[in-house]
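S.K.: build me a model:
(one chain, ligands or ions: 1)
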Amino acid sequence: MGTLGLNIFLHLYRDQRDQKEHLAITFGDFIRSRSIQTEQPGETIKDRILRGADGLQAGKPFNAKVAPLVRVHSECFTGEVTWSARCDCGDQLQEAARIIHREPVPHGVIIYLRQEGRGIGLEQKLKAYNLQDLGFDTVEANEILGFPADAREYGAAVEILHDLGLAGENGIRLLTNNPEKLRAIGGSGTGIIIREVVSIASLTESSLRKKHSSEVYSYLRTKSVKMGYIL
Ligand SMILES: Nc1nc2c(ncn2[C@@H]2O[C@H](COP(=O)(O)OP(=O)(O)OP(=O)(O)O)[C@@H](O)[C@H]2O)c(=O)[nH]1
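M.R.: Below is the predicted model:
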């Protein structure tokens with residue numbers, strides 16, 4: 001589909017382990033699924049058309065030396081849909097799209113993982129919000145509920161990067177401030193080479209304008225002090 005004046009292509013992946021649907025939004029004409037063309041047992045031509053296999057052209061070769069930009073983003077209903085002033089997730093999602101779009105030749109992907117609330121799910125995250133109303137920070141709230149500070153894992157993102165052909169020696173530029181994400185995606189055995197880590201603005205103008213921006217500051221402070229984020 002067209003957006004921001006260029007082509008983006010939406011890939012939907014289903015994790016066979018837990019049936020979660022993850023998304024990969026690719027910008028430009030270069031990054032496409034490798035497996036989508038593979039014929040599935042018993043499928044008809046109509047099935048192939050419906051799942052986008054027949055209409056999709058393979059990604060064009062990208063000759064520039066610069067590695068593609070990759071944002072691995074975890075779902076945040078409160079920040080992305082209900083404009084919560086308590087986190088910067090919605091701003092970061094938009095900022096990732098802007099950064100990729102601003103490249104001289106847009107070449108990148110946003111992998112949108114369905115691990116809401118750092119992996120604890122929306123219901124538990126809303127309980128964590130209620131605890132935050134009492135003055136607990138995000139880490140304490142998770143722990144009171146019996147969860148680790150961050151319950152996410154990135155195996156699905158690594159598999160998606162392989163399927164998109166981004167495990168090659170050209171490497172990727174990863175948009176993050178999260179050291180754990182960096183380790184999980186670029187660590188040994190993943191096959192993903194991270195050429196550069198690009199900091200993703202945590203406080204964009206719009207988050208600064210948010211009425212209760214002190215809430216965003218305390219969220220970021222906890223990330224930095226307790227979770228080692230580079231902010
Ligand atoms: N448990 C919990 N999760 C939250 C809270 N606020 C935001 N989140 C979740 O935090 C996650 C943020 O993930 P990402 O956007 O991938 O970014 P990140 O891990 O902060 O790291 P960066 O790559 O540096 O942005 C999402 O899953 C949000 O739903 C909160 O108060 N409690």
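
S.K.: can you give me the helices for this structure?
M.R.: 45-50, 77-80, 89-102, 122-133, 138-144, 155-163, 179-186, 205-209, 213-227 (DSSP state H).

S.K.: can you redo the ones you listed as CSV with mean pLDDT and mean neighbour count?
M.R.: C-betas here are computed from N, CA, C, even on glycine. CSV is the format used below for those (pLDDT from 0 to 100; neighbours: other C-beta atoms under 10 Å):
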stretch, mean pLDDT, mean neighbour count
helix 45-50, 91, 12
helix 77-80, 95, 18
helix 89-102, 92, 19
helix 122-133, 97, 15
helix 138-144, 97, 19
helix 155-163, 98, 20
helix 179-186, 96, 17
helix 205-209, 56, 13
helix 213-227, 79, 16
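
S.K.: format these as CSV; extra columns: distance to the ligand.
M.R.: Formatted as CSV, these follow (distance: least, C-beta to the nearest ligand atom, whole Å):
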stretch, distance to the ligand
helix 45-50, 31
helix 77-80, 6
helix 89-102, 5
helix 122-133, 5
helix 138-144, 4
helix 155-163, 10
helix 179-186, 5
helix 205-209, 12
helix 213-227, 6
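
S.K.: what residue lies at the spatial centre of this protein?
M.R.: residue 73 (1.9 Å; C-alpha atoms, centre = their mean).

S.K.: report pLDDT for that one.
M.R.: pLDDT for residue 73: 98.

S.K.: which residues does it bridge with?
M.R.: Under DSSP bridges, the beta-bridge partners of residue 73 are residue 112.

S.K.: so who does residue 199 touch?
M.R.: 175-177, 230 (C-beta atoms under 8 Å, 6 or more residues apart in numbering).

S.K.: just the pLDDT for it.
M.R.: 89.

S.K.: what does the one 3 residues further on give?
M.R.: Looking at residue 202, its pLDDT reads 60.

S.K.: which neighbours in the sheet does the lengthiest strand in the chain have, and how are they oriented?
M.R.: Identified as the longest strand of the chain according to DSSP state E is strand 6-14. With DSSP bridges as the test, strand 6-14 is paired with strand 2-3 (antiparallel), strand 21-27 (antiparallel).

S.K.: export the helices of the chain to JSON lines and tack on distance to residue 22?
M.R.: Converted to JSON lines, those look like this (distance: least, C-beta to C-beta, whole Å):
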{"stretch": "helix 45-50", "distance to residue 22": "20"}
{"stretch": "helix 77-80", "distance to residue 22": "15"}
{"stretch": "helix 89-102", "distance to residue 22": "14"}
{"stretch": "helix 122-133", "distance to residue 22": "16"}
{"stretch": "helix 138-144", "distance to residue 22": "22"}
{"stretch": "helix 155-163", "distance to residue 22": "5"}
{"stretch": "helix 179-186", "distance to residue 22": "14"}
{"stretch": "helix 205-209", "distance to residue 22": "25"}
{"stretch": "helix 213-227", "distance to residue 22": "23"}
